[in-house]
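[1] Sharing a model prediction with you, sequence too.
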Amino acid sequence: MRRKLIAGNWKMNGSLAANGNLLASIKAGLPGSACDVAVCVPAVYLAQTQSELSGSKIAWGGQDVSAHESGAYTGEVSATMLRDVGCRYVIVGHSERRSYHNESDEVVARKALRAAASGLTPIICVGESLEERESGETDEVVARQIDAVLAVMDEESLKGVVVAYEPVWAIGTGKTATPQMAQDVHAFLRQRLGAKSVVAGEKVRILYGGSMKPDNAKELLSMPDIDGGLIGGASLKASDFLAIVNAA
Ligand code: PEP
């Protein structure tokens, strides 16, 4: 049985004051939860998040990580640094990074590998654009994205990753994949993982992301291969985020 994970992706939002309120409200409202909960916050607020959440059941993570270990990479944040501020997770290959920062499948795979080698759990995002879905290329696109990861990771590291299926056309748009549409892609991804490692196929959690909200979370999360959610907009409002946690 895979334990569900609800992870917030705050993106480039927040301030010391707003984060303090949001984290306190999430902490106070967290049910004696049956699922794992995490927030992925802007790098500058990781230390604040660590001090607010230490000792709680909520984990935290970064939104990106360097593919390099250390050195002359101005502006980048290493996996070791994320570990240093207590991160358990890091998002890699979010579609916003793939499209605005030209991150290739290979770069995303190297980032995931670096994160895993440093003891972080990478949340590896994959997903198709609207054009790709409409031309029937969804499976081909997500296969290419996940295969790049499978090519560099051994079975041991692979077992510990999290995958997030995030159709690009559903991110921040209010449009959601139907539970069956999402389930079909999740099952396809699980089969792909399982072809490399039977254990990874069974163990790896595959989250759905793309306008998951309190009113659609339960249905999505009840599908057999949907093991949680990566939540953007709704993670910025404690009551919405907690309602999704409660639905898991
Ligand atoms: C995301 O950015 O990972 C995401 C799923 O955003 P939203 O929930 O706002 O669609």
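    Ah, there it is. Numbers count the residues shown, from 1 in each chain.
[2] The helix ranked longest in the chain packs against which elements?
    Taking DSSP state H as the criterion, the chain has its longest helix at helix 179-196. The helices and strands touching helix 179-196, judged by 3 or more Cβ pairs under 8 Å, 6 or more residues apart in numbering; DSSP states H and E, are helix 138-152, helix 155-159, strand 162-165, helix 198-203, strand 205-209, helix 214-221. (Glycine included, C-beta is placed from N, CA and C.)
[3] Any idea which of those gets closest to the ligand?
    Smallest distance to the ligand across those (Cβ to the nearest ligand atom): 3.4 Å, for strand 205-209.
[4] Save the helices and strands packed on helix 179-196 as TSV, and put in mean pLDDT and mean neighbour count too.
    Output for the helices and strands packed on helix 179-196, formatted as TSV (pLDDT from 0 to 100; neighbours: other Cβ atoms under 10 Å):
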stretch	mean pLDDT	mean neighbour count
helix 138-152	98	18
helix 155-159	95	16
strand 162-165	98	26
helix 198-203	97	16
strand 205-209	98	26
helix 214-221	97	18
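[5] can I get those in TSV with distance to E103?
    Converted to TSV, the helices and strands packed on helix 179-196 look like this (distance: least, Cβ to Cβ, whole Å):
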stretch	distance to E103
helix 138-152	11
helix 155-159	20
strand 162-165	15
helix 198-203	23
strand 205-209	17
helix 214-221	26
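[6] What strand or helix carries the most centrally placed residue in the chain?
    With distances taken as Cα atoms, centre = their mean, I123 lies nearest the centre of the chain, 4.0 Å away. Assigned by DSSP states H and E, I123 belongs to strand 121-126.
[7] Can you mark which positions in the next helix or strand after that strand are buried?
    Sequence-wise, the next helix or strand downstream of strand 121-126 (DSSP H and E) is helix 130-134. Buried positions in helix 130-134, judged by neighbour count with 16 or more other Cβ atoms under 10 Å: E132, R133.
[8] Sounds good, over and out.
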